[in-house]
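[1] curious how this folds, go ahead:
(chains A, B, C and D)
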There are 2 protein chains.
Amino acid sequence: MARLPEYLRALHNLAETGHETVSSEGLANAAGVNSAKLRKDLSQLGSYGTRGVGYDVGLLIDQIEYVLGLTQRRAVVLVGVGNLGHALAGYDGFASRGFRIAALLDADQELVGEEINGLVVQHIDDLPQVAAEESIAIGVIATPAAAAQRVADQLVAVGVTSILNFAPCVLSVPEGVDVRKVDLAIELQILSFHEHRKASLTALPAAGGSALTALPGGLAVTESQEAIGT
Amino acid sequence: MARLPEYLRALHNLAETGHETVSSEGLANAAGVNSAKLRKDLSQLGSYGTRGVGYDVGLLIDQIEYVLGLTQRRAVVLVGVGNLGHALAGYDGFASRGFRIAALLDADQELVGEEINGLVVQHIDDLPQVAAEESIAIGVIATPAAAAQRVADQLVAVGVTSILNFAPCVLSVPEGVDVRKVDLAIELQILSFHEHRKASLTALPAAGGSALTALPGGLAVTESQEAIGT
DNA sequence: AGGCGCTTGTGAAGACGTGCACAAATCGCG
DNA sequence: CGCGATTTGTGCACGTCTTCACAAGCGCCT
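    A predicted model of the protein is given here:
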């Protein structure tokens, strides 16, 4: 499930504040979901809480980390050290949550050799070499859209089977390769849509506008405090 | 719908390459979705294509932009000019897709006064002043998790009704305020989960493992090339 | 030891999204 | 003017996700 990482983060918070056990409702609040949904998710893990008490925080953390495959520290290659890539390379949230940036790559010779956060930027053509030295399963693409597909092909060629794509384009990859996409502008546009809808509703309290001014009721917009991409 | 921005991007690509009309199947391919789904989405807009021909690219762009509320260039405030915030401030994808960063804010006096991409960083306490000068509907939070809730409260206090949250925490906001969350580490963890699942499947071709080694079939993981968040 | 309150795990119902398949509509061509 | 090729729009069925509600189980207190 895509919600497990959110639970995991909430559990780590709880562990740091000294909680040893947590009820499904408490954890659901901390993760921003319904308590029944959370219980169903956890029951699918085969993880057993204790009725009348709740879940053991430490045990649950271990189980979720195991299911997410976080028991091993996975190596990640980051391709594209422009604006966004630079920020990602310096983002400590990766290291603190079980990932290690194995290499920074870019096609621009101007950037090759630059040191960011203790890592030296290498040329994209060195990718096979990097992949040969250690097993890379996850690649992050932070290049312009025009270069993204080409980079994706190169990543797949060296055995990467999961890609996180920040470029605003659709990647085509062979079956068996997972792609998740994060597009910052799309997020803003979705918010803009909500803004527009709210403005229309206050301007026209009653229904009856055309489909363009007020969307039909069937298109009700749900509250959306959730993880990405799901 | 959360897919409209994706369609819009694909349409802009098509317009630049000289296409005047596009079939539902062509657009669906470009956006990475099923053609029936796309037709159903567009029909909800009240937008009419022409049977036997397809959709008029320019007209469709106008309609989607109207529905998304992109006919006006919306002003956005960005709070938190650390690693990620700095990159966001320099990201030209915002300006090119209908948004304008109205102000950069931070609580750190060390950063106040710095100029990024033509904008000067102001102190977070100047937020009411910024909001008074022009209507701000959207706020972006790129602060550490510990500060995020406080910033969200301040944004809501000056009338912001949509928030894009990059901090790894759940925000609580009054009803009527929309929050979308983007957590980069969570994206990686989801990919890690897929990796772990793939590894388990190859190691154990047949089913029968415990719930911990191989998740029950009911938890089938779907292909996920989609926008975030939804 | 027994009862009581609390919490989990789950059955069932409902909402929702998805995709197929086909009727209706339009254009172009002879 | 009529026919066929093409494409939209949509009814229908199916699977998934969500939520409620409640029985089963556990610990604590008397």
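
[2] scan chain A for its longest strand.
    Ordering each strand of chain A by length in residues (DSSP state E) puts strand A:99-106 first.

[3] which residues touch that strand?
    For strand A:99-106, the surrounding residues in contact (C-beta atoms under 8 Å, 6 or more residues apart in numbering or on different chains) are A:73-82, A:85, A:89, A:94-95, A:112, A:116-117, A:119-124, A:126-127, A:130, A:134, A:136, A:138, B:185, B:188, B:192. For every residue, glycine as well, the C-beta is placed using N, CA and C.

[4] does the lengthiest helix in chain A reach DNA strand C?
    As assigned by DSSP state H, the longest helix anywhere in chain A is helix A:184-203. No. Taking C-beta under 7 Å from any atom of the strand as the criterion, helix A:184-203 and DNA strand C are apart, separated by no less than 13.3 Å.

[5] got the angle for that helix vs strand B:99-106?
    Orientation of helix A:184-203 against strand B:99-106 (axes from the mean of the first three to the mean of the last three C-alpha atoms, to 10 degrees) gives an angle of 100 degrees.

[6] the longest strand of chain A: which residues count as buried?
    Within strand A:99-106, the residues scored as buried using 16 or more other C-beta atoms under 10 Å in any protein chain shown are A:99, A:101-106.

[7] return the member of those nearest to B:K198.
    A:F99 (17.1 Å; C-beta to C-beta).

[8] can you tell me, leaving aside adjacent residues, what's nearest to A:V112?
    Nearest residue to A:V112 in three dimensions, chain neighbours excluded: A:H123, at 5.0 Å (C-beta to C-beta, 6 or more residues apart in numbering or on different chains).

[9] now for the residue of chain A found nearest DNA strand D, how many residues are close by?
    For chain A and DNA strand D, the shortest gap (C-beta to the nearest atom of the strand) falls at A:G52, measuring 2.7 Å. Residues near A:G52, counting by other C-beta atoms under 10 Å in any protein chain shown, number 6.

[10] and it, how far is that from A:Q63?
    Note on A:G52: its distance to A:Q63, by C-beta to C-beta, to the nearest Å, is 20 Å.

[11] over to A:Q122?
    Separation of A:Q122 from A:Q63 (C-beta to C-beta): 37 Å.

[12] residues contacting A:N165?
    A:N165 sits in contact with A:141, A:148, A:152, A:171, A:179-182, where contact means C-beta under 8 Å, 6+ apart.

[13] out of those, grab the one that's most surrounded.
    Greatest neighbour count in the contacts of A:N165, by other C-beta under 10 Å, goes to A:I141: 27 neighbours.

[14] domain ranges for chain A?
    Residue ranges for the domains of chain A, per automatic domain parsing: A:4-67, A:74-182, A:185-219.

[15] could you dump these into a markdown table and include mean pLDDT?
    Converted to a markdown table, the domains of chain A look like this (pLDDT from 0 to 100):
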| stretch | mean pLDDT |
| --- | --- |
| domain A:4-67 | 96 |
| domain A:74-182 | 96 |
| domain A:185-219 | 69 |
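
[16] tell me which of these lies nearest to B:K198.
    Taking C-beta to C-beta as the criterion, domain A:74-182 is the member of the domains of chain A that comes nearest to B:K198, at 6.4 Å.

[17] how about the helices in chain A?
    Using DSSP H, the helices of chain A run over A:4-16, A:24-31, A:35-44, A:57-67, A:83-90, A:127-133, A:145-157, A:184-203.

[18] now do the last one against helix B:57-67, angle only.
    I take that to be helix A:184-203. Counting by the same axes, to 10 degrees, helix A:184-203 lies at 60 degrees to helix B:57-67.

[19] anything in stretch A:36-50 near chain B?
    Yes. Counting by C-beta under 8 Å from any C-beta of the partner chain, chain B is contacted by stretch A:36-50 at A:44-46.

[20] kindly report the residues of chain A close to DNA strand D.
    Residues of chain A lying near DNA strand D (C-beta under 7 Å from any atom of the strand): A:33-34, A:36-37, A:39-40, A:50-53.

[21] state the pair within those residues that is farthest apart.
    Based on C-beta to C-beta, the longest span within the residues of chain A next to DNA strand D runs between A:V33 and A:G52 and measures 22.1 Å.

[22] would you confirm that A:V57 contacts A:T21?
    Yes. Under the criterion of C-beta atoms under 8 Å, A:V57 makes contact with A:T21 at 6.3 Å.

[23] so between those two, which is more surrounded?
    Each of A:V57 and A:T21 has its neighbours counted (other C-beta under 10 Å); A:V57 has more, 21 against 16.

[24] which residues sit in contact with that one?
    Listed by C-beta under 8 Å, 6+ apart, the contact set of A:V57 reads A:11, A:14-15, A:19-22.

[25] look up the closest residue to A:N34, ignoring the ones flanking it.
    A:A28 (6.2 Å).

[26] and the one you found, how many neighbours does it have?
    Counted with other C-beta under 10 Å, the neighbours of A:A28 add up to 20.

[27] from the chain's centroid, how far away is stretch A:35-47?
    Relative to its chain's centre, stretch A:35-47 lies at 21 Å (C-alpha atoms, centre = their mean, to the nearest Å).

[28] show me which of the residues of stretch A:36-50 next to chain B are buried.
    Buried among those (16+ other C-beta under 10 Å): A:44-45.

[29] could I get the residues of stretch A:36-50 next to chain B as TSV with distance to DNA strand C?
    Supplementary listing: the residues of stretch A:36-50 next to chain B in TSV, determined by distance: C-beta to the nearest atom of the strand, whole Å:
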residue	distance to DNA strand C
A:Q44	8
A:L45	9
A:G46	9
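
[30] ok, so of the residues of stretch A:36-50 next to chain B, who is nearest B:A2?
    Ranked by distance to B:A2 (C-beta to C-beta), the residues of stretch A:36-50 next to chain B are led by A:Q44 at 25.4 Å.

[31] shouldn't that closest one be in contact with A:R3?
    No. A:Q44 is beyond contact range of A:R3, at 10.9 Å (criterion: C-beta under 8 Å).

[32] so A:Q149 touches A:S172, yeah?
    Yes. With contact defined as C-beta under 8 Å, A:Q149 counts as touching A:S172 (7.1 Å).

[33] and those two? Which one has more around it.
    A:Q149 (18 against 13).

[34] backbone dihedrals for the residue nearest to the more buried one when sequence neighbours are not counted, both of them.
    Once flanking residues are discounted, A:Q149 sits nearest to A:L171: 6.0 Å by C-beta to C-beta, 6+ apart. Note on A:L171: backbone dihedrals following degrees, to the nearest 10 are phi -100, psi 140.

[35] could you measure A:L171 against B:V79, distance?
    Applying C-beta to C-beta, the value for A:L171 to B:V79 is 31 Å.

[36] likewise for A:L14?
    Distance, A:L14 to B:V79, by C-beta to C-beta: 26 Å.

[37] more neighbours, those two?
    Using other C-beta under 10 Å as the criterion, A:L14 and B:V79 rank with B:V79 on top: 25 against 21.

[38] tell me the contacts of that one?
    Residues near B:V79 by C-beta under 8 Å, 6+ apart: B:85, B:105-106, B:124, B:127, B:139-143, B:151, B:155.

[39] at 10 Å what do you get?
    B:85, B:103-107, B:124, B:127, B:139-143, B:147-148, B:151-152, B:154-155, B:163, B:167 (C-beta atoms under 10 Å, 6 or more residues apart in numbering or on different chains).
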